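Return a 3D structure for these sequence lines:
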Amino acid sequence: MICTIASDKYDSLLLHPLLKLVSIQWLFNDFAPVPSFNALIELVLRHTLLVRWGYPVLRWVPMYPEGDLLDYGHGETDLSPAEVLESTERDCGYGLDTTPAFHLRLEALLAKLDGLEKLCGSLQQMEETVDELFRNDPNINLRQKIILVNALQSPLAAQRIESHRKRFRIAYATARSDFLDLAARGFLVKGTDGHAFVFRAHPDLQHRMEELQAKRA
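Numbering: from 1, shown residues only. Purely as a prediction, here's the structure:
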């Protein structure tokens, strides 16, 4: 039942979000479906739905000894993550509440998802740019285009022949040729790490790509 409510399939889509929250509160207050954790589950559900709908969340954060009250923090809080987590272990006369910790972790997860979305968008744009620049170049294969995208994304990162070979399930000589050809054309710089070759983006790689793009335009 709790999972159904949290999935937002709980009642009519025509019902205003605030009315949904009121009905959730009414359900838990009057019917006590989970007596031991009734208030906690209700708060977690309401906060989850508010975040999903894009509304600000009112967080229940127990006050410290100088004030024996509960405080609703609107939006960002001045408390550090450690203080928020510690506050969930304090009973200020109203029982324990892990909502602040839940919301803190949820915010961190949403931030990571936002970052992942931006990274995916950036990589897709790079792939499209590289593909367009070398679309009619028979000397650059798909595997080498991916090497260039990696080099543009992380210029200082070392790319290795063995990792490339395993990724595309090709012979070592083929993987080595992919890198050496790009290095010979000035896109990569060859180095060593112990006994293994490593390849990094040429310092002028970004500039060279921009020049190629300008010529195409």
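
what's the burial count for D204?
12 (other C-beta atoms under 10 Å). Glycine gets a C-beta too; all of them are placed from N, C-alpha and C.

residues contacting it?
Counting by C-beta atoms under 8 Å, 6 or more residues apart in numbering, D204 touches G186.

just V22 next, same as before
The contact partners of V22, by C-beta under 8 Å, 6+ apart, come to none.

my guess is it is in a helix, correct?
Yes: under DSSP: H, G, I helix; E, B strand; the rest coil, V22 sits within a helix.

so where's this structure uncertain?
Judged against pLDDT under 70, the low-scoring parts of the chain cover residues 1-15, 36, 56-105, 217.

domains of it?
Following automatic domain parsing, one gets these domains for the chain: 2-111, 139-216.

who does the top helix by length along the chain touch, helix- and strand-wise?
If you go by DSSP state H, the chain has its longest helix at helix 99-133. The helices and strands touching helix 99-133, judged by 3 or more C-beta pairs under 8 Å, 6 or more residues apart in numbering; DSSP states H and E, are helix 38-53, strand 58-62, helix 81-87, helix 142-153, helix 205-216.

With mean neighbour count added, can I get these in TSV?
Written out in TSV, the entries for these read as follows (neighbours: other C-beta atoms under 10 Å):
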stretch	mean neighbour count
helix 38-53	18
strand 58-62	19
helix 81-87	15
helix 142-153	19
helix 205-216	13
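
okay if I get the ones you listed as a markdown table plus distance to R176?
Conversion of these to a markdown table gives the following (distance: least, C-beta to C-beta, whole Å):
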| stretch | distance to R176 |
| --- | --- |
| helix 38-53 | 49 |
| strand 58-62 | 56 |
| helix 81-87 | 47 |
| helix 142-153 | 12 |
| helix 205-216 | 20 |
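
Out of those, which gets nearest to A184?
Each of the helices and strands packed on helix 99-133 was checked against A184 via C-beta to C-beta, and the shortest separation belongs to helix 142-153, namely 11.7 Å.

Partner strands of the helix or strand just after that closest one, with direction?
Where DSSP states H and E defines the elements, the next helix or strand beyond helix 142-153 is strand 159-160. Note on strand 159-160: by DSSP bridges, its sheet partners are strand 196-201 (antiparallel).

who's in contact with I170?
When contacts are counted by C-beta under 8 Å, 6+ apart, I170 is found next to 143, 164.

circling back: which one, of the helices and strands packed on helix 99-133, ends up nearest to L123?
Closest to L123 of these is helix 142-153 (C-beta to C-beta; 6.4 Å).

Run through the neighbouring helices and strands of the closest one.
Using 3+ C-beta pairs under 8 Å, 6+ apart, the elements in contact with helix 142-153 are helix 99-133, strand 159-160, helix 161-168, helix 172-184, strand 196-201, helix 205-216.

Give me the contact list for the second one.
Contacting residues not belonging to strand 159-160 are listed as 147, 150-151, 179, 188, 193, 196-200 [C-beta under 8 Å, 6+ apart].

filter the residues you listed to the buried ones?
Listed as buried from the contacts of strand 159-160 are 147, 150-151, 179, 188, 197-200; burial here means 16 or more other C-beta atoms under 10 Å.

Lovely, talk soon.
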